[in-house]
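**Q** Dropping the sequence and predicted coords here.
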Amino acid sequence: MKLFQRLLVAPAALGLMAPIAANADTAFSSTTSLGGSAFFTVGSVADGGTTDTEEELYMQYKYVLSMKSSFSGEDLLVTGIKAGNASGPLASMDSAYGGGSDLTVKDLFYSFPVGDLSVTAGPLLDQDDVVAATTSAYSDAFRLGSMPYSLAGNETGPGVGVTYSGDNGVVASVSFVSVGGASSTVGIGADDGDDVSTFTLGYNGDGFGGGLVIASNDGEGGTTGYDTFGGGIYYSPESIPATISVAYDTNDPETGADATDLFVGVDYEVGPGTLSAAYNSTDVDGSDSEDSTGFEVSYTYSLNDNVTLTPGFFTVEDTSTGDDDTGVVVETVFSF
């Protein structure tokens, strides 16, 4: 959900990617950078899956390429390409992508400044690509994550967004994504297409901050519409090398029960890496069988400048069987 901020603040960084500037004499211009990451995820989940039969040790991958070009030094054209074979219980890992082995363009948008504002528009914009407010500073690199409703990022299509970042730390953003906007039979903002709007307001301070998020899907394209509201805060005390994040998210669907999610995450620098721990609790109105809790612990450290290793453990309540899905996972990320 911090993709837009990262791209504007540090165009040469995208998650674990390490872009390599292309030579002007080659196929790319001197203002274009290309970087990527290969994720190897291996693990086993006890009582995995809805029938508790997916318990074997197995391995999956994700491959990502990111190309970024600037034409004025202040603008940015972003192209994201992905492939992956995630399935089973490990498909819920943060790095998982199950779109198949074919490289597919998943992100394509252009950002440029207009006065004190930044405008983003393009044919492939995710619902959570344009988010100015920071509701959690947790690494979100393993299994659990904050804001599962307001910043789920499930909708993709033609979209536009605007962000504002004040010198006093106040930030705000608004975005609109039309899921059916790529279809000539549906169109942008159509009566029979899903359109989602997202608003954020926050404060990004030195060592602390927080934000609020409101998202709404009109549900006119056949999916279930919803209204969400969430917020979170983060704090990095000067006395210890840690960041503490707390977030609360709510979902009010057009049909079905309301739901809430509480998330607490801590990142703590230990030795050569970062120890991360998180807890979340999901409550669905009127259905104890759909309530769940989750807990994770992971440790991320760099083997060298381009290889990162993250072993970890998680347990998440499986509401369909009543048993906990307990996983042990090791993820290796090669950045290039």
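**A** Now that the structure is in, tell me what you want to look at. Since the model is a prediction, treat every value here as computed from it, not as a measurement. Numbering: from 1, shown residues only.

**Q** From residue 250, how far out is residue 280?
**A** When Cβ to Cβ, to the nearest Å is the yardstick, residue 280 and residue 250 sit 14 Å from each other. (Each C-beta comes from the backbone N, C-alpha and C, glycine too.)

**Q** So for these two, which residue has more residues nearby?
**A** Between residue 280 and residue 250, residue 280 has the larger neighbour count (other Cβ atoms under 10 Å), namely 22 against 16.

**Q** secondary structure class for that one?
**A** Judged by DSSP: H, G, I helix; E, B strand; the rest coil, the three-state class of residue 280 is strand.

**Q** Nearest residue to it in space, please, no chain neighbours.
**A** In space, residue 280 comes closest to residue 263 once its chain neighbours are excluded; the distance is 4.5 Å by Cβ to Cβ, 6 or more residues apart in numbering.

**Q** and that neighbour, what does it touch?
**A** For residue 263, the contacting residues are 136, 138, 144-147, 232, 245-249, 278-280, by Cβ atoms under 8 Å, 6 or more residues apart in numbering.

**Q** Residue 32: which of the residues you listed is nearest?
**A** Of all the contacts of residue 263, residue 32 sits closest to residue 145, with 31.0 Å by Cβ to Cβ.

**Q** residues near the closest one, how many?
**A** Counted by other Cβ under 10 Å, the residues lying close to residue 145 total 24.

**Q** How about the contacts made by it?
**A** With contacts defined as Cβ under 8 Å, 6+ apart, residue 145 is in contact with 94, 138, 263.

**Q** hmm, back to that, so what sits against both of residue 280 and residue 250?
**A** residue 261.

**Q** and stretch 58-77, how far apart are its ends?
**A** End-to-end distance for stretch 58-77, by Cα to Cα, to the nearest Å: 37 Å.

**Q** so when I look at residue 90, I'm seeing a helix, right?
**A** Yes - under three-state DSSP, residue 90 falls within a helix.

**Q** Residue 299 is in contact with residue 329, isn't it?
**A** No - Residue 299 is beyond contact range of residue 329, at 11.7 Å (criterion: Cβ atoms under 8 Å).

**Q** Overlap in contacts, those two.
**A** With Cβ under 8 Å, 6+ apart, residue 299 and residue 329 have common neighbours 311, 312.

**Q** Looking at the contacts of residue 263, which are in strands?
**A** 232, 245, 246, 247, 248, 249, 278, 279, 280 (DSSP state E).

**Q** which of the residues you listed are buried?
**A** 232, 245, 246, 247, 248, 249, 278, 280 (16 or more other Cβ atoms under 10 Å).

**Q** Just give me the neighbour total for residue 170.
**A** Neighbour count for residue 170, taken as other Cβ under 10 Å: 15.

**Q** So what pairs up with residue 214 in the strands?
**A** For residue 214, the beta-bridge assignment (DSSP bridges) gives partners residue 199, residue 229.

**Q** ok, now residue 44?
**A** If you apply DSSP bridges, the partners that residue 44 bridges to are residue 328.

**Q** I'd say it and residue 59 touch.
**A** No - counting by Cβ under 8 Å, residue 44 stays clear of residue 59, with 10.3 Å between them.

**Q** Of the contacts of residue 263, which is the nearest to residue 119?
**A** So of those, ranked by how close each gets to residue 119 (Cβ to Cβ), first place is residue 147, at 23.7 Å.

**Q** Could you pull up the contacting residues of that closest one?
**A** 1, 135, 136, 213, 230, 232, 247, 249, 261, 263.

**Q** Over to residue 99?
**A** 82, 83, 84, 106.

**Q** Export those residues as TSV, with columns for neighbour count and pLDDT.
**A** Output for the contacts of residue 99, formatted as TSV (neighbours: other Cβ atoms under 10 Å; pLDDT from 0 to 100):
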residue	neighbour count	pLDDT
82	18	98
83	18	98
84	21	98
106	16	96
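
**Q** Now, these that are in strands?
**A** The strands, defined by DSSP E, take in 82, 83, 84, 106 from the contacts of residue 99.

**Q** which one of those residues sits closest to residue 90?
**A** Looking across the ones in strands among the contacts of residue 99 and measuring by Cβ to Cβ, the closest to residue 90 is residue 84, at 11.0 Å.
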